[in-house]
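Asker: Here you go, sequence then predicted model.
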Protein chains: 2
Amino acid sequence: MDRRATDKDDETSATERPTLKTLAFMTGLGVTTVSRALKDAPEIGAETRRRVQLVAKQIGYRPNRAGVRLRTGKTNVISLVLNTEHELMSFVSDIIYGVTEVIADTPYHLIVTPYSRSQDPLDPVRYLVETGSADGVIISRAQPNDPRARYMLERGIPFATHGRTDMGLVHPYHDFDNYAFAGEAVRYLAAIGRRRLALVTPPVGLTYYGHTVNGFADALSEVGASEVPFNTVSIDHTIEQIRMRTAQLMRRDDRPDGIISSAAAATLAVVAGIEDAGLKLGRDIDVVSKQSSEVLHLFRRELLVVNENFRLAGSELARAVLGWIGGAAPGSLQSLSKPSEVLPYRG
Amino acid sequence: MDRRATDKDDETSATERPTLKTLAFMTGLGVTTVSRALKDAPEIGAETRRRVQLVAKQIGYRPNRAGVRLRTGKTNVISLVLNTEHELMSFVSDIIYGVTEVIADTPYHLIVTPYSRSQDPLDPVRYLVETGSADGVIISRAQPNDPRARYMLERGIPFATHGRTDMGLVHPYHDFDNYAFAGEAVRYLAAIGRRRLALVTPPVGLTYYGHTVNGFADALSEVGASEVPFNTVSIDHTIEQIRMRTAQLMRRDDRPDGIISSAAAATLAVVAGIEDAGLKLGRDIDVVSKQSSEVLHLFRRELLVVNENFRLAGSELARAVLGWIGGAAPGSLQSLSKPSEVLPYRG
DNA sequence: TTGGCAATCTGTAACGTTTCAGTATATTGA
DNA sequence: TCAATATACTGAAACGTTACAGATTGCCAA
C-alpha cells in the first residue's frame, strides 16, 4: 500500500484527456475502485462513491469508447439502415431527427448505414452483425417475410423495424396504420360522393402494401364503392412514370373520380397527370394523400391530406431498440401510429 | 521456435470472429508480422505478404475497430453535424447519401451528430473533438466568422464546411455559387421584362446570405432593375410567416414583378402568398427559385428553377474531409458548384 | 574466418476499460 | 477468544491492435 506517485505515469500535463488512471491518481484509489464507483457498484462505500463521482464530474471525465468497446463488446452505437435510392421526397431526415432526439442523453451514437438498389438488403445488416458495429439496428421497408429480421433474430441482435413483418416471429416495430389510413380515405371520398376509386399503392413486396390494399378493399365493399385498378404504378416509381400513367388512366372512360395516394411525392405526380388529362381537382376528381410535411395544401388546396409523422416513427424506433438492448421483452416494444383524420384545406 | 499450439489459445471454435492472432496461428507467423503484412509494410517478404493477405481474405478477416481505435486513436468515423430544426424541406438525406457514396468503400462510418436550436452550435463540435469521436467533421450553415471552424482549426482536426467562411482562415469547403445564382436569376427576369425584383434571402448570419444579396445587388445595377425590399423574411422562417408576408408585400402598390427565392420550401409559401393576394404567377409576376429536387415544376409550371445538387455537396464534402485526413493541403480541398441555367418548365 | 549488414521476422508493451481473484480490515457470532 | 464473515478496496489479466526494440538468418567484404 505505497502511495508514491507511480514512476511511469505522467500526471503532469493537464491537457490530456482524463482516464480512469487519472481519476485513480487524483482520488488516491485504485483503478478498479474508480471504475466501480462510477457505475454505482454496491461494494463501494457511499462516501468513496460520491467522492469519485464528484471528481469525475469536475474534471469532465468521459469513458473512452474504444476501451469500453474492446473490453465489453458494447459499441454504444445504433445503426439506421437506409436504402439510398427509394423514397423521393425523403422523410429520412425526420426519422433521423426522431432517433437522435431519443438517444440525445444516452451514450449512444447514430450511424447511418446505406445500401443501394443493386445490393442485397441483407448485406448491410450482415456487415453490421459480423463486425459487431452496433448494439442495435433500425431497418425500414419491412417485408412480410423479411430475411433481415430473421437474420437478426437468429443472431440475437436487438433491432426494430419500420413497418411490420408477417413471419410469426415477434420483434419490436413501429408502424403507421395504413389499413386505417386507406379505410378512412375511402370512407371520406364516399361521403363526398365519390364512387370509383383508384389506389396508388406502396411498393409491392413491402408489408404495408398489403395493409393498404386490404384497408382499401374492405372499406370499398363497406361503403359500396368500386375500385378502378391502377396496378401499373406504386410510390416507388419515378415522378415521370406516375405522371404519365395517371394521365393515361384519367383519359379512359372508366376513369376514377377519387384517388388515394400513399405518399406526397407520388401525389405531386398524380395531380400533374390529372391536369395533363385536362381534368380538375375537386371538380372531376378528389385525391386523398398521405404526407409527412405540410406541403400538399400549398401545392393544391383541393387536396385532402392525412399526416404521417416520421419524426415520431424515428423516436419510437429508437425507443424500441434501446428498450430491447435494455432487456425489455421484444413483444412489448411494438407500436402502431393511428392516422389523423382526412383533412381538407382550411385557409 | 517451437510451433506447438499455444496452450491458452482456443483456436477450436470456428464461429469466433478471426483476429490477428487467428491469422498468426493459421499462417504460422507472429502477430506483428501479420499486422504489417496486411498493411503492405516494406519489411515483409513478398511471398509472406501475399500468403497472409490470401488467408485473411479467405476467412474474412476484418480489423477490430475498437482495437485499432484504442491503440492508434483513429476512429474511422466521419461526423455530420446537423441542426435538427432548420431546413424545412430537408435536403439532409441527399447530403447523407452523397457522403455515404464516397465513404462506401473505405473503412469509414458516418455518424450523425445533431444539435437543436436551443444549443450553442459549438457544443456538438466540442463534444466530438473532446471525446475524439471522429477523425473528421462536416458542418453546415457556415458563417462568415464561424467559431466552429476556428475551434477545429485550432485543434487541428480535419473538417469541411458546407458553405464558406470569411475569417482569412483556409479550410476545405464545398459551396454552391449563390452569387452566380442570384445574378443569373436577376438577369433572366430582366430579360423577360421584369424590373422590380424582390429577394427571399437565406438566413441572415450565414455566409451565403451575403453572397446571395451581393449577387442580387450587383446584377440589379448591371441590368438597371430595381429592388423591392423584402427583409422581413428569410428561408428559415416558417411557411406561414413567409406566406403571410408575401401576401402583404404583393398587396402593396409598389409590389415586385419578380421574386427570387433561395429555397424550394420557401417558394411554395411565396407562391401561396402571391395567390392569396389574387395575383397570377407568370402574368403578374415571375418567380425564380432554387430547388434540390424536381418538385417545383409539378407545383406550378410557371416557376423558373435553378437546381442545386445536395447529393453532390455531400460527396464533395466527404471527399474534402477524407482528403484532409489523408494529408492533402486544406487549401486544395475547396470546391464551388456552379448553378444550372434558369430553367423554365418544359412539357 | 569474422564482422557487418540487410532482409525478415518476433515478443513485449501499451492504449482504457472491466472482470477475476484476491487482500486487508473491521465486525459479528459463539 | 477465535473463526467466520462482511465491507471496502486492490492488482493483474484480457479485449485486438500497433510500435518499439530486438532476434535470427544469410550473405558479402575484409
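Answerer: Okay, I see it.

Asker: rest of the way, CA atoms for contacts and neighbours
Answerer: OK.

Asker: from memory A:Ala66 sits against B:Gly67, does it?
Answerer: Yes: counting by Cα atoms under 8 Å, A:Ala66 touches B:Gly67, with 7.2 Å between them.

Asker: Settle it for me: which of those two has more neighbours?
Answerer: A:Ala66 (23 against 17; other Cα atoms under 10 Å in any protein chain shown).

Asker: secondary structure element for that one?
Answerer: When elements are assigned from DSSP states H and E, A:Ala66 belongs to helix A:65-72.

Asker: just checking, what packs against that helix?
Answerer: With contacts taken as 3 or more Cα pairs under 8 Å, 6 or more residues apart in numbering or on different chains; DSSP states H and E, helix A:65-72 sits against helix B:65-72.

Asker: The helix it packs on near DNA strand D at all?
Answerer: Yes: against DNA strand D, helix B:65-72 shows contacts by Cα under 7 Å from any atom of the strand at B:Arg65, B:Ala66, B:Gly67, B:Val68, B:Leu70, B:Arg71, B:Thr72.

Asker: Likewise for stretch A:133-153?
Answerer: No: Stretch A:133-153 stays clear of DNA strand D (Cα under 7 Å from any atom of the strand), getting no nearer than 12.6 Å.

Asker: Can you list the buried residues in stretch A:128-135?
Answerer: A:Leu128, A:Val129, A:Gly132, A:Ser133, A:Ala134, A:Asp135 (16 or more other Cα atoms under 10 Å in any protein chain shown).

Asker: Can you classify the third one by secondary structure?
Answerer: The three-state assignment at A:Gly132 reads coil, by DSSP: H, G, I helix; E, B strand; the rest coil.

Asker: can you check the first one too?
Answerer: Following three-state DSSP, the label given to A:Leu128 is helix.

Asker: Distance-wise, check it relative to B:Tyr61.
Answerer: Using Cα to Cα, to the nearest Å, A:Leu128 is found at 14 Å from B:Tyr61.

Asker: what's around A:Gly326, how many residues?
Answerer: Using other Cα under 10 Å, A:Gly326 is surrounded by 10 other residues.

Asker: Ignore what I typed, I meant A:Pro339.
Answerer: 19.

Asker: any idea which helix or strand carries the spatially closest residue to it that is not a sequence neighbour?
Answerer: Spatial nearest neighbour of A:Pro339, chain neighbours left out: A:Phe181 (5.8 Å); criterion: Cα to Cα, 6 or more residues apart in numbering or on different chains. A:Phe181 belongs to helix A:178-191 when assigned by DSSP H and E.

Asker: and that helix, what other elements does it pack with?
Answerer: Judged by 3+ Cα pairs under 8 Å, 6+ apart, the packing partners of helix A:178-191 are helix A:207-223, strand A:258-261, strand A:286-291.

Asker: wait, which of the ones you listed is closest to B:Ala142?
Answerer: Closest of the helices and strands packed on helix A:178-191 to B:Ala142 is strand A:286-291, at 30.7 Å (criterion: Cα to Cα).

Asker: Tell me how far the helix holding A:Ala66 lies from the chain's centre.
Answerer: Centre-to-centre, helix A:65-72 and its host chain are 28 Å apart (Cα atoms, centre = their mean, to the nearest Å).

Asker: now swap in stretch A:29-39 and tell me
Answerer: Worked out by Cα atoms, centre = their mean, stretch A:29-39 lies 38 Å from the chain centre.

Asker: Look up phi and psi at whichever residue of the stretch 151-300 of chain A sits closest to DNA strand C.
Answerer: Nearest to DNA strand C, among the residues of the stretch 151-300 of chain A, is A:Ile157, at 18.2 Å (Cα to the nearest atom of the strand). For A:Ile157, the backbone dihedrals (degrees, to the nearest 10) come out as phi -100, psi 130.

Asker: That one against A:Gly132, yeah?
Answerer: No: in this structure, A:Ile157 is not within contact of A:Gly132 by Cα under 8 Å, at 9.5 Å.

Asker: For chain A, what lies in contact range of DNA strand C?
Answerer: A:17, A:19-21, A:31-32, A:35-36, A:62-68, A:70-72.

Asker: ok so, going back, report the mean per-residue pLDDT for the helix holding A:Ala66.
Answerer: Taken as a whole, helix A:65-72 has a mean pLDDT of 98.

Asker: contacts for it?
Answerer: Residues from elsewhere that reach helix A:65-72 (Cα atoms under 8 Å, 6 or more residues apart in numbering or on different chains): A:Lys74, A:Thr75, A:Asn76, B:Ala66, B:Gly67, B:Arg69, B:Leu70.

Asker: ok, and the closest non-adjacent residue to A:Thr27?
Answerer: That would be A:Val52: by Cα to Cα, 6+ apart, it lies 6.8 Å from A:Thr27.

Asker: Flag every buried residue along the one helix or strand that neighbour maps to.
Answerer: In the assignment (DSSP H and E), A:Val52 maps to helix A:46-59. Within helix A:46-59, the residues that qualify as buried by neighbour count (16+ other Cα under 10 Å) are A:Arg49, A:Arg51, A:Val52, A:Gln53, A:Ala56.

Asker: In JSON lines, list those residues along with pLDDT and distance to B:Ser332.
Answerer: JSON lines is the format used below for the buried residues of helix A:46-59 (pLDDT from 0 to 100; distance: Cα to Cα, whole Å):
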{"residue": "A:Arg49", "pLDDT": "94", "distance to B:Ser332": "52"}
{"residue": "A:Arg51", "pLDDT": "95", "distance to B:Ser332": "50"}
{"residue": "A:Val52", "pLDDT": "95", "distance to B:Ser332": "48"}
{"residue": "A:Gln53", "pLDDT": "96", "distance to B:Ser332": "46"}
{"residue": "A:Ala56", "pLDDT": "96", "distance to B:Ser332": "42"}
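
Asker: Please verify my assumption that A:Leu128 contacts A:Ala134.
Answerer: Yes: the pair A:Leu128 / A:Ala134 is scored as a contact, 6.4 Å apart, by Cα under 8 Å.

Asker: rewinding a little: can you check what angle separates the helix holding A:Phe181 from strand A:286-291?
Answerer: 160 degrees (axes from the mean of the first three to the mean of the last three Cα atoms, to 10 degrees).

Asker: Next secondary structure element downstream of helix A:178-191?
Answerer: Next helix or strand after helix A:178-191 toward the C-terminus (DSSP H and E): strand A:196-200.

Asker: so what strands line up beside the strand or helix carrying A:His174?
Answerer: For A:His174, the host element (DSSP H and E) is strand A:173-176. Its sheet considered, strand A:173-176 pairs with strand A:159-162 (parallel), strand A:334-337 (parallel) by DSSP bridges.

Asker: Deepest-packed of these, please.
Answerer: Comparing these by mean neighbour count (mean count of other Cα atoms under 10 Å in any protein chain shown), strand A:159-162 ranks first with a mean of 26.
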